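Here you go, sequence then predicted model.
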Amino acid sequence: MKNLTTRLDDLPYKPWHLRLTLTMCAGIFFDAYDVAIMSSALPVLAGLWGLDTIQTGNLGSAGYIGMVIGALIGGTLADRLGRAKVFCLFTAMYSIFMGVAATANSFPVLFFWRIVIGIGIGGLVPVATSYLSEFIPSKLRGRSLSLLNAIFGMGSAFAYLMGYMVIVPIAWQYGFLIGAIPIVLAIFGWFFLPESVRFHLQKGRVKEAAEAVDKIETKLIGAPTVPLEEAVRMEEEAKRKREAIKVSPVAIADLFKKDIRGTTILISIMWFCLAYATFGMTTWLPTLLATELGYDIGGGLLWMALSTAIAACIAPLAGVLADVIGRKPTILLVYLTFAFGAFLLFTFGGIAGKFFMVLMSVGINMCNAVNYVYVPESFPTRVRASGVGFSSACGRVGAMIGPTFLGILLSTTGNVNTILYVNMGVLIFAAAIVMIFGKETKQKSLETIQQ
């Protein structure tokens, strides 16, 4: 007789799964929007407030300071209090302070509010990926979670489009006010999102978990596959055998215990490298397109919107690849696509450069698509949100360093090739360590992966 998690994994993929996915996608959409709208506003703010290269890089990095804090807090809270409510709380925080930031009138004020906004974004992203990974059937988890990054790409494209249509011709503040919209998502989610069954089980709430699976099966296939009383009895018996269910509240130190220490270090390095390359490049891209390739700011933003939208449509293929050929080979392929796409963009420029900008955007979106699949799979349920949160925080550190370090390189060398060579080395290193040390998680249940 099947246990609760097996019953979840064996369910057919239904519109109910898609609705959960799209709800989490809405949060990811505004994570991407936040990063790209700041990137779009930087050239305008630099001119408006007379910012030098270092200040511009610092302002681009400010949000990532908060994201580090938010990722650490959000993941830990989600492992203690539950996925759904914590997701809603951080979404609300982001929305409220995005609106407040639109009132900023100087570099120091906006720098501060960007940190606060970053806490909200940093908290909601690891919770969203952990939550969704615990509901999607294992055989389709890769392609389903990769939709998160398709939406990430759409969020970026929308922000660049708003940069072209709103920020450049009207005012940067309106771009920030649009970021307050997710307050509606936070309110909706608070009342309607179900809590994770796996979280209930990890906390010993066997009856709540069994009742939740009963409701899900009834909704999706018409009736429960195991009587409620029998399901509760089976899980209570399993609970007595699991010492992990009696552990003290989750702490970051748990991620460095012997059984998962290697995973924590590997995933954190991978996410740091990817975020460094991604956000260092995208934060500065509107400026580099103008200074290196002769684009005007508006034209650069418009082409970025188009190339990112195209890439977002292609990005879910990374999830299909991950389900077919495996996570590790897919990571290698898409990291190389990102690395060489960026290099070729600035090597050729012109019409060819536009093609390579699309290739770079495809690489970026596919890298992050596989990331959203692979990272939450790699951690056991008891620390999944904390693990995703901690590694996400390491990624945010990379994202924080990227724009600032790139600004320093530009101011000292004046050579864009230096940046590109560093990015290529970072991405190739990340892909190599995953290929050598990473575990393959293709189409395995979350419980099997940890054995």
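Great, that's in hand.

After the helix ranked longest in the chain, which helix or strand is next? Please name it.
Identified as the longest helix of the chain according to DSSP state H is helix 15-49. Where DSSP states H and E defines the elements, the next helix or strand beyond helix 15-49 is helix 53-81.

Now the helix or strand containing residue 369: buried residues?
Following DSSP H and E, one finds residue 369 within helix 350-378. Residues of helix 350-378 classed as buried: 353-354, 356-378 (neighbour count, 16 or more other Cβ atoms under 10 Å). Just so you know, the C-beta spots here come from the backbone N, C-alpha and C atoms, and that holds for glycine as well.

Point out where the chain drops to low pLDDT.
149, 241-251, 443, 446-451 (pLDDT under 70).

residue nearest the centroid of the protein?
residue 125 (5.3 Å; Cα atoms, centre = their mean).

Secondary structure element for the spatially closest residue to residue 153 that is not a sequence neighbour, which one?
With Cβ to Cβ, 6 or more residues apart in numbering as the criterion, residue 153 has its nearest non-adjacent residue at 2.6 Å, and that residue is residue 312. Taking DSSP H and E as the criterion, residue 312 maps to helix 297-314.

list the helices and strands that helix packs on?
Counting contacts by 3 or more Cβ pairs under 8 Å, 6 or more residues apart in numbering; DSSP states H and E, helix 297-314 packs against helix 15-49, helix 141-162, helix 261-293, helix 350-378.

Which stretch among the ones you listed approaches residue 105 most closely?
Nearest of these to residue 105, taken as Cβ to Cβ: helix 15-49 at 9.1 Å.

when you compare where that closest one runs with where helix 261-293 runs, what's the angle?
50 degrees (axes from the mean of the first three to the mean of the last three Cα atoms, to 10 degrees).

Helix 15-49: which residues count as buried?
17, 20-21, 23-46.

Next, count neighbours for residue 50.
Residue 50 sits with 9 neighbouring residues when counted by other Cβ atoms under 10 Å.

Quick check: phi and psi at it.
phi 70, psi 40 (degrees, to the nearest 10).

Quick check: it vs residue 40, distance?
Distance of residue 50 to residue 40, given as Cβ to Cβ, to the nearest Å: 19 Å.

for residue 11, same thing?
Counting by Cβ to Cβ - residue 11 and residue 40 are separated by 41 Å.

same check, this time on residue 371
For residue 371, the distance to residue 40 - Cβ to Cβ - is 23 Å.

show me what contacts residue 402?
For residue 402, the contacting residues are 61, 275-281, 283, by Cβ atoms under 8 Å, 6 or more residues apart in numbering.

cutoff 10 Å now
By Cβ atoms under 10 Å, 6 or more residues apart in numbering, residue 402 lies in contact with 57, 60-61, 64, 272, 275-284, 419, 422-423, 426.

again, but for residue 305
36, 40, 156-165.

go again using 8 Å as the cut-off
With Cβ under 8 Å, 6+ apart, residue 305 has these contacts: 157-158, 160-161, 163-164.

Spatially nearest residue to it (excluding sequence neighbours)?
residue 160 (3.7 Å).

Does that neighbour touch residue 35 like I think?
No: if you go by Cβ atoms under 8 Å, residue 160 and residue 35 don't touch, sitting 10.7 Å apart.

Compute the distance between the nearest residue to residue 348 once chain neighbours are set aside and residue 286, please.
Spatial nearest neighbour of residue 348, chain neighbours left out: residue 356 (6.3 Å); criterion: Cβ to Cβ, 6+ apart. With the distance defined as Cβ to Cβ, residue 356 ends up 17 Å from residue 286.

and if you look at residue 406?
Counting by Cβ to Cβ, the gap from residue 406 to residue 286 is 13 Å.
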